[in-house]
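Participant: This is a predicted model, with the sequence first.
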Amino acid sequence: MKHRSHLSAKQRKARSKLAQIVHEKGFLRGTIVTMSRVCGKPNCRCAKGQKHVWLYLSRSEGGKPKLMFIPKRYEEMVKGWVDNSHKIKELMEQVSLDLWDAIKERRFD
């Protein structure tokens, strides 16, 4: 592997962002799902059609979907972690494509 100083500016930037997210911000694989529900209380606004909106975290485990309720106080934090996971995926693809090109063009020495 090349020394970091021999990497392109684009490669260094992508790797730096990747390291920052992994080490400082946290990440969580999954998808945020919004569900509207009726609580069942007869005098609640949801009984009149204004359903409660809840967020869930969805992910697949062993080929089976799993849902976890996200309490309101954690919604923004969990959304941020899920967004970070998507950013990590994009950055890894960028780093991988750059290395792919380097091998193809024989410029990895």
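Facilitator: Ah, there it is.

Participant: Using PDB, write out the CA atom coordinates for the lengthiest strand in the chain.
Facilitator: In the chain, with assignment by DSSP state E, the single longest strand is strand 52-61. Provided in PDB are the C-alpha atoms of strand 52-61 (Å, rounded to 0.1, in the frame of the first residue of the first chain):
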ATOM      1  CA  HIS A  52     -49.700   9.700  15.800                       C
ATOM      2  CA  VAL A  53     -46.400   9.600  13.800                       C
ATOM      3  CA  TRP A  54     -43.700   7.300  15.100                       C
ATOM      4  CA  LEU A  55     -40.200   6.600  13.900                       C
ATOM      5  CA  TYR A  56     -38.700   3.100  13.700                       C
ATOM      6  CA  LEU A  57     -35.300   1.800  12.800                       C
ATOM      7  CA  SER A  58     -35.500  -1.000  10.300                       C
ATOM      8  CA  ARG A  59     -32.700  -3.500   9.400                       C
ATOM      9  CA  SER A  60     -32.400  -7.000   8.100                       C
ATOM     10  CA  GLU A  61     -31.000  -9.700  10.300                       C
END
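
Participant: If we go by neighbour counts, what in the helix or strand just after it is buried?
Facilitator: Counting by DSSP states H and E, the next helix or strand C-terminal to strand 52-61 is strand 64-70. Across strand 64-70, burial judged by 16 or more other Cβ atoms under 10 Å covers I70. Placement of C-beta: from N, CA and C, glycine included.

Participant: and what of stretch 29-38?
Facilitator: Buried, per 16+ other Cβ under 10 Å, within stretch 29-38: G30.

Participant: pLDDT (mean, whole number) over stretch 65-77?
Facilitator: For stretch 65-77, the mean pLDDT works out to 95.

Participant: And the helices in this protein, which stretches?
Facilitator: 9-20, 75-104 (DSSP state H).
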